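Undergrad: sequence and computational prediction follow.
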Amino acid sequence: MGVLRVVVSVAAVSLALGIAAVSTRAVAASGKPNITINAERLQASVVFRTQVFKATDCCVVEGCVNGIGKRSLMKFDVQTPNIGDADLHLGNPVGNPLFIYSPCHKHYHLEGYAVYDLLALDGTPLANGHKQAFCLEDFEAMPGTTTPAKYTCSDQGISVGWSDVYGSYLDCQWIDITGVKPGDYLLRVTINGGATGTHVFEESDYGDNVATVPVTIPKRFN
């Protein structure tokens, strides 16, 4: 079987340090951010649902499911805190060639932010995948953070001490597991190219950009 992969696009590369030219890579204004993954929340949030899709649904148009009709989905939260010593400031995506505009979801997305894989217990990738989209913003403060939120989908980024959260309730925040047998598997989330891949933005540490958690697909679910 092919790889069950969801490439999550986030949105936004800004003008680094206020320079007028648009860079092809996002750069922190000073110091470096360190975006990581909350693995505990990832595992705790996993739910299994079925959903019926039409050919005109945005989720089908944008490739978030592998077919129309009734599909089996594994949904989960992805929380990505900034634990570095500088904000990740990506800025306004309008006019930046790294961004694509989603006419269905009506906002911009940056390619290459995260990848979701469903693996067998021996690490073998399973099934087929799709691309989906993200908007990076200060969505949820981390414990101890007292600074206000700065970033939104129109001026994207993640402040130090804040996190972006894509909840399991959102469109495309899932892996289409239709046809995968019940049993024990691994869910792997990789952000910003992992340790050795292509990095969309600079960080102080790429070694904490992968989270792998065990999941069990039940025999039947709603």
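TA: Now that the structure is in, tell me what you want to look at.
Undergrad: thought residue 217 was touching residue 179?
TA: No: Residue 217 is beyond contact range of residue 179, at 11.0 Å (criterion: CB atoms under 8 Å). No exception for glycine: its C-beta is placed from N, CA and C like everyone else's.
Undergrad: so between those two, which is more surrounded?
TA: Neighbour comparison, residue 217 and residue 179: the larger count goes to residue 217, with 17 against 13 (by other CB atoms under 10 Å).
Undergrad: grab the nearest non-local neighbour of that one.
TA: Excluding its sequence neighbours, the residue lying closest to residue 217 (CB to CB, 6 or more residues apart in numbering) is residue 182, at 5.0 Å.
Undergrad: just give me the neighbour total for residue 40.
TA: So residue 40, with other CB under 10 Å, has 11 neighbours.
Undergrad: do you know how far it is from residue 211?
TA: 9 Å (CB to CB, to the nearest Å).
Undergrad: which elements pack onto the longest strand seen in the chain?
TA: Criterion DSSP state E: the longest strand present in the chain is strand 107-119. If contacts are counted by 3 or more CB pairs under 8 Å, 6 or more residues apart in numbering; DSSP states H and E, strand 107-119 sits against strand 5-10, strand 99-102, strand 130-133, strand 183-191.
Undergrad: so after the third one, what's the next helix or strand?
TA: In the C-terminal direction, the helix or strand that comes right after strand 130-133 (DSSP states H and E) is strand 140-141.
Undergrad: paired strands for that following strand, with orientation please.
TA: Strand 140-141 pairs in its sheet with strand 162-166 (antiparallel), by DSSP bridges.
Undergrad: for residue 59, give me phi and psi.
TA: phi -60, psi -30 (degrees, to the nearest 10).
Undergrad: and it, what's its pLDDT?
TA: pLDDT, residue 59: 87.
Undergrad: quick one: it and residue 171, what's the gap?
TA: The value you get for residue 59 to residue 171, if CB to CB is used, is 6 Å.
Undergrad: please identify which of those two sits among more neighbours.
TA: More neighbours surround residue 59 than the other of residue 59 and residue 171, with 22 against 14 (other CB under 10 Å).
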